[in-house]
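In: could you look at this predicted model? Sequence included:
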Amino acid sequence: MKLTLKIWRQKNSEDKGKMVDYQLDDVSPDMSFLEMLDVLNDQLVGKGEEPVAFDHDCREGICGTCSLQINGKPHGPDSLVTTCQLHMRKFNDGDTVYIEPFRAKAFPVVKDLIVDRSAFDRIQHAGGYISVNTSGNTQDANAIPINKDDADKAFDAATCIGCGACVAACKNASAMLFVSAKVSQFALLPQGQVERERRAENMVAQMDAEGFGACTNTGACEAECPKGISLTNIARLNREFLGAKL
Amino acid sequence: MQIGSNFPAQIPEGPLADKWTNYKNKINLVNPANKRNIDVIVVGTGLAGGSAAATLAELGYNVKAFCYQDSPRRAHSIAAQGGINAAKNYQGDGDSTYRLFYDTVKGGDYRSREANVYRLAEVSANIIDQCVAQGVPFARDYGGLLDNRSFGGVLVSRTFYAKGQTGQQLLLGAYSAMNRQISRGKIKMYNRHEMLELVIVDGKARGIIARNLVTGEIERHSAHAVVIGSGGYGNVFFLSTNAMGSNVSASWKIYKKGAWFANPCFTQIHPTCIPVSGDHQSKLTLMSESLRNDGRIWVPKKMEDAEAIRAGKLKPTELKEEDRDYYLERRYPAFGNLVPRDVASRAAKERCDAGFGVNQTGEAVYLDFASAIERYGKEQAHIKGMDENDPAVYLKLGKDVIANKYGNLFQMYEKIVDQNPYETPMMIYPAVHYTMGGTWVDYNLMSTIPGCFVIGEANFSDHGANRLGASALMQGLADGYFVLPYTIGDYLSDDIRTGKIPTDSAEFDEAEKAVKDQLEKFINNKGSKSVDYFHKRLGKVMWDKVGMARNEQGLKEAIEEIKAIREEFYKDVKVPGGMNEYNEELAKAGRVADFLELGELFAKDALQREESCGGHFREEYQTEEGEAMRRPEFQYAAAWEYKGADQEPEMHKEDLVYKDIEVKERSYK
Ligand SMILES: Cc1cc2nc3c(=O)[nH]c(=O)nc-3n(C[C@H](O)[C@H](O)[C@H](O)COP(=O)(O)OP(=O)(O)OC[C@H]3O[C@@H](n4cnc5c(N)ncnc54)[C@H](O)[C@@H]3O)c2cc1C
Ligand code: SF4
Ligand code: FES
């Protein structure tokens, strides 16, 4: 199939940036979206032009490196997938595809479609851990049985890949879904209890300091999250946070 | 030359089971106050590097950690699916440290170092305790206890897992331990930085040259020791299950500075990956080995059925049971679908080469869940008091069980292939997955460069000629959490009076200049072809001639062809953009340049190893039934020493001595 691509080009963080049009023929429906961009880039390099910079690594939906706002949607039109798992069979011959970086004040553009998501790391530094040293003397793993239901819920929350689609989807650019996933994982497990209140408080404080917006419960984050992280985690974070404040 | 003279493997004396304990009792320690004056560089923050960085920082060293991704949480370890082994014997099925040790040595076809493997098995149980304490949400049963599954090549259930995302959960555990130290200021994290050179001062590793991938700036970093945990080199094949950025460069730079590189030809081709779909393919996707717990592998028995399937005239679900060839169950009744990876991969290739492949290219076999869905469904129906003979009932219940176990893998498959694996069997084919070879290290995990340690997949490690499933995660975390923190302390105890290592020395000048020269060369090379063009060509030679089956003639040809591609690459590669900016093509050019050198050494290593063992299959050396023929004269690790750009590398042999395990023919029948 043939496509018209409208792609955001921005040389570096200082540059203003603009949309540029590209034509691409011979796109196979079996290609992934990023393989389609590989083909474009190969052609650009062939012509001596600079390829489009985009983030990617595992290309199987788990590392959270790829991003892209495709036709206005983070990770594109398909549900429960990342951009690297999106396939061109979701598009039609003759389509025009808009490709932009994730937009948020806390995610400044590095180049073209690449944004800086280090704010997410800094939120994790503020409390996304259980304080246990690697001594080799920790108690036996089966010493504390954990209710399967809680373990499963903790696991579901822990599958967040830190991609930032929730932020890009939200009109307030809120990071609540991301933060709530980590807070929930630990709040649901016995190991997480000791630091429970501090963790919620510190991570939320860092989230605010990074310039993410407030949550107004529109649910766009959940709808666009490639891992199906549930809004119930936000409700839990709110309880945790209030609990910490009381 | 034999290893043992100038670079002994440093294996402690005493009985196998006591070696590690004795060793720990005798090593030199660094007191906490002195640790504050010691800097350690860790290159790579996957499971190995991440766990090492966190633990060294907990101990009090100043750690500087580097990764090329934008966050440590994105290292390739994140993609590991199936699980992690540990000799916990929670299932009471006869597991023990010795059995894990035994399975690993046998699985590796008797090409690994006995003492290292025993230590690995010994610390494995601690890993699970540590991870659970960190909040890693492993799968549990209804009693709240940890669940296990089986992996290939073993007869016990010792694999701990978190659905199909075990690597993700373990890496996020190590990442959280790192975050705690980053917030304390004990780890300084350098994201989007690539190590491009090792700096040696007075014979010791004392720093690195790194490039900031965002600004392009070349930076000098010094330390008292350098730890490399940069992962494997499977991407030398271009197509592999590795992440796009996985590379050999860190290991290759230290090779060229004097660290021997061992067994480069030991590569694992994983039997269950999604087949190649076209020329645009950029990477291959694994379908976890855990699927072989429940999936049965088959091809049609009759050639005409295979042809009809390929032509789209027959569906696999229409083929009667007696017309299917469950070739693993047929050839290996004792282990069936759970034979080790090398055996399963070769068997798939054998059937496809014989013309029984089931996709358009003829390079795919089926992995079928129908009987597992039926079995689980009936079991559930029985438990729930429902009609266990009603297909509508048991199929639904059975699919739920399968979804609960492998849901994300099934979803991944469906997204890529556009077929529903709950309804029709998966199509799979072997793909490059893991590299057992790597930097040669002694018992201390130190390379032949003093002060340069290598951990995780990057070292030649514990897996011999073939790694068992779920053992890479175990090894990465064992190295980082429980082994290196001891061994590096012993080394650093000499450095308590050294003081900061200056970065304005001639050694740093020289290393930086070499890096800049190479980058400039790429930028100024006004060639006509992209980096990928050369990488794909290299990959094709590797797969065709140095892949699943190798022979003398093919290997000799490969060596010449790789040389030719390398020469052409330097003449004709085109790298757009500049040096002082984000430039992925430039980063790729450096990585491919190193792959083009490694590929040649890889083929040379395969050529000298005139035997078949594990993942290394030389067509000249096979039994009448087509099984690998190991030869006792090759019971050594081949460690290659770099001798200069136009010189032949020198091969050193480390003889592998097995005192506590009988070297037997490796049979899974
Ligand atoms: C799809 C898949 C599934 C797998 N499933 C399993 C499984 O179920 N069980 C199992 O045991 N094993 C599994 N494995 C194998 C296992 O995941 C890897 O062997 C292991 O994770 C490697 O860990 P590592 O820490 O050594 O390296 P990696 O996780 O690859 O980390 C490498 C690190 O080095 C950094 N780096 C690399 N080069 C440079 C450089 N030049 N400069 C700076 N930084 C650099 C990277 O940024 C990264 O941080 C799987 C592998 C794959 C591909
Ligand atoms: S919550 Fe979902 S969308 Fe947000 S970072 Fe995590 S995986 Fe991505
Ligand atoms: S590239 Fe890893 S999630 Fe897309």
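Out: Received the coordinates, thanks. Ligands and ions are numbered 1, 2, ... in the order given.
In: stretch B:45-53 vs ligand 1: in contact?
Out: Yes - applying Cβ under 6 Å from any ligand atom, one finds stretch B:45-53 in contact with ligand 1 at B:45-49. All C-beta atoms are positioned from the backbone trio N, CA, C, and that covers glycine.
In: now do the contacts for the residue in chain A that chain B sits nearest to.
Out: With Cβ to the nearest Cβ, the shortest gap between chain A and chain B falls at A:Pro145, namely 2.9 Å. Going by Cβ atoms under 8 Å, 6 or more residues apart in numbering or on different chains, A:Pro145 touches B:140, B:143-145.
In: ok, back up a step: can you put the residues of stretch B:45-53 next to ligand 1 in CSV and add distance to B:Lys556?
Out: Output for these, formatted as CSV (distance: Cβ to Cβ, whole Å):
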residue, distance to B:Lys556
B:Thr45, 40
B:Gly46, 35
B:Leu47, 37
B:Ala48, 35
B:Gly49, 37
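In: before we move on, the earlier item: among the contacts of A:Pro145, which one has the most neighbours?
Out: When neighbours are counted by other Cβ atoms under 10 Å in any protein chain shown, B:Arg140 leads those with 21 neighbours.
In: just list whatever residues bridge to that residue.
Out: Beta-bridge partners recorded for B:Arg140 (DSSP bridges): B:Leu146.
In: ok, back up a step: out of the contacts of A:Pro145, which is nearest to B:Lys186?
Out: Minimum separation from B:Lys186 among those (Cβ to Cβ) is found for B:Arg140, which lies at 32.7 Å.
In: thought A:Ile144 was touching that closest one, still the case?
Out: No - between B:Arg140 and A:Ile144 there is no contact under Cβ atoms under 8 Å: 10.9 Å.
In: for the residues of stretch B:45-53 next to ligand 1, which one is nearest B:Lys26?
Out: For the residues of stretch B:45-53 next to ligand 1, the nearest to B:Lys26 is B:Ala48 (25.0 Å; Cβ to Cβ).
In: with adjacent residues omitted, what lies nearest to the residue nearest the centre of chain A?
Out: Nearest residue to the geometric centre of chain A (Cα atoms, centre = their mean): A:Cys163, 1.7 Å. Nearest residue to A:Cys163, sequence neighbours excluded (Cβ to Cβ, 6 or more residues apart in numbering or on different chains): A:Gly64, at 4.1 Å.
In: which element, helix or strand, includes that neighbour?
Out: Assigned by DSSP states H and E, A:Gly64 belongs to neither a helix nor a strand.
In: show me what from chain A comes close to ligand 3.
Out: So chain A meets ligand 3 at A:56-59, A:61-66, A:82, A:84 (Cβ under 6 Å from any ligand atom).
In: for residue 197, give me its contacts.
Out: As the question left the chain open, I've gone with chain A. Contact analysis of A:Glu197 by Cβ under 8 Å, 6+ apart lists A:240, A:243-244.
In: wait, I meant chain B there
Out: B:Glu197 touches B:208-209, B:253, B:257, B:511-512, B:514-515, counting by Cβ under 8 Å, 6+ apart.
In: which residues does it bridge with?
Out: B:Ile209.
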